[in-house]
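S.K.: coordinates only, sequence not included:
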């Protein structure tokens, strides 16, 4: 089902990205490289410049307590990106809207919905509906269910005017992206502080990540210190959700004061990339810096911290608009050979009022982690299932070198699939075909790929391959 609002789909079980570090079982003569987002030099592209955003004209800046919790969809009819962002400052919390034709230059239209400071001329959405009492915005997602009469859906953690359902995550539905109807009671009672709502095109279900208060109870019973962590729930209809399952907690490699604040999940390639917001909290448990690292999972339950836990969206230098916090809760878009990301940022640390806004940046498509050599080396993958004549494509940088492929079975080269039969591939390509001098025969079963690199860098590969079911 496709309506007027869309987000791009990056899931592809045949596309193997090296952000899954378990893809490589053996490597020699190569090194692993991790890529951070390349920030736009004119960030932030959406900033606090209105009074209801806690803008202070005398200082020409805005002062907010949290970075903009935000979400972006594309409106096909308007041919515009629509950004929903929450501002929380001295006047309270509001959900606002901005529009853009290119994802960089944004306007804030007058919605004429909410009366503020003597006027309806603002971009505030009339978001809350009784008995919901507060805003803690999650994410906006297109409606993928034929059973829901809406074009777009969203989530919100709220306090409620109810003795039983006094707090929790609820969902809201909209036909135009402006006027929203809330579901009560909350679909996930009690859970939900700092959460994300997403769509999984692989399992055809909605996902919510948040903190599980059940897990907090486990900490308490075991006499352990309560820590922010990541739990997940799934739903096909947005109303009935599976029990929360804890999927990520700080471990012995993390500093003692590290906690996990939020995690946005992006179905990508053959698995899922998690954009994990880490929080190095001070003794008050409320202040400290936050920034985004990457995680990866093949099944949404078992997650690996990748890139040697380096930040994917690092905090800016001192006194920059994003030097205290970064946050990623927005689906990226493909622009040619690159991916454009949007992220929230703030100059101050958590719960410190300061300038904040939304920035953007890019990386090459699929180019999160690579294997590279300035001389010669190779990598060997884990087992992959193949059926048919091999069709392999590579994402590489090799302007002065090349990449070749061998296909192994039981760690032995299959006849006809030797390196000598593979035509070297050079240049800078997102999807370059691997060709062999002599035609290959049809294969069926589990194989490994051995990539030979000479002055080359490889980021991902694609083909008529899948992960064996038991991996």
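M.R.: Now that the structure is in, tell me what you want to look at. Not measured: the values here are computed from a predicted model.

S.K.: thought residue 323 was touching residue 315?
M.R.: Yes: with contact defined as CB atoms under 8 Å, residue 323 counts as touching residue 315 (5.4 Å). Bear in mind the C-beta positions are built from the backbone N, C-alpha and C, glycine included.

S.K.: So which elements touch the longest strand belonging to the chain?
M.R.: Longest strand in the chain, counting residues (DSSP state E): strand 443-463. Applying 3 or more CB pairs under 8 Å, 6 or more residues apart in numbering; DSSP states H and E, one finds that strand 443-463 contacts strand 15-17, strand 369-381, strand 384-388, strand 392-409.

S.K.: in it, what counts as buried?
M.R.: 443, 446-463 (16 or more other CB atoms under 10 Å).

S.K.: And the next helix or strand past that strand?
M.R.: Sequence-wise, the next helix or strand downstream of strand 443-463 (DSSP states H and E) is strand 465-466.

S.K.: Which secondary structure elements does that following strand sit against?
M.R.: Counting by 3+ CB pairs under 8 Å, 6+ apart, strand 465-466 packs on strand 384-388.

S.K.: What strands flank the strand it packs on, and is each parallel or antiparallel?
M.R.: strand 443-463 (antiparallel), strand 465-466 (antiparallel) (DSSP bridges).

S.K.: now these in CSV, with mean pLDDT?
M.R.: Formatted as CSV, the strands paired with strand 384-388 follow (pLDDT from 0 to 100):
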stretch, mean pLDDT
strand 443-463, 98
strand 465-466, 98
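
S.K.: can you put these in a markdown table and add distance to residue 429?
M.R.: Converted to a markdown table, those look like this (distance: least, CB to CB, whole Å):
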| stretch | distance to residue 429 |
| --- | --- |
| strand 443-463 | 10 |
| strand 465-466 | 18 |
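
S.K.: Which among the ones you listed is found nearest to residue 168?
M.R.: Of all those, the one in closest proximity to residue 168, counting by CB to CB, is strand 465-466 (38.6 Å).

S.K.: where along the stretch 251-400 of the chain do the strands fall?
M.R.: Along the stretch 251-400 of the chain, counting by DSSP state E, counting those that start in this stretch, strands occupy 258-269, 271-280, 290-297, 303-305, 325-327, 333-335, 338-346, 356-364, 369-381, 384-388, 392-409.

S.K.: Name all residues that make contact with residue 91.
M.R.: Counting by CB atoms under 8 Å, 6 or more residues apart in numbering, residue 91 touches 51, 52, 54, 116.

S.K.: Could you dump these into TSV with neighbour count added?
M.R.: Converted to TSV, those look like this (neighbours: other CB atoms under 10 Å):
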residue	neighbour count
51	17
52	19
54	22
116	16
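
S.K.: Now, these that are in strands?
M.R.: Per DSSP E, the contacts of residue 91 never map to strands.

S.K.: least confident pick among these?
M.R.: By pLDDT, residue 54 ranks lowest within the contacts of residue 91, coming in at 90.

S.K.: Can you tell me the closest non-neighbouring residue to that residue?
M.R.: residue 89 (2.7 Å; CB to CB, 6 or more residues apart in numbering).

S.K.: ditto for residue 213
M.R.: Per CB to CB, 6+ apart, closest to residue 213 is residue 190, 5.2 Å.

S.K.: Also residue 243?
M.R.: Nearest to residue 243 is residue 233, by CB to CB, 6+ apart, at 7.0 Å.

S.K.: I'd assumed residue 247 was in contact with that neighbour.
M.R.: No: Residue 233 is beyond contact range of residue 247, at 10.5 Å (criterion: CB under 8 Å).
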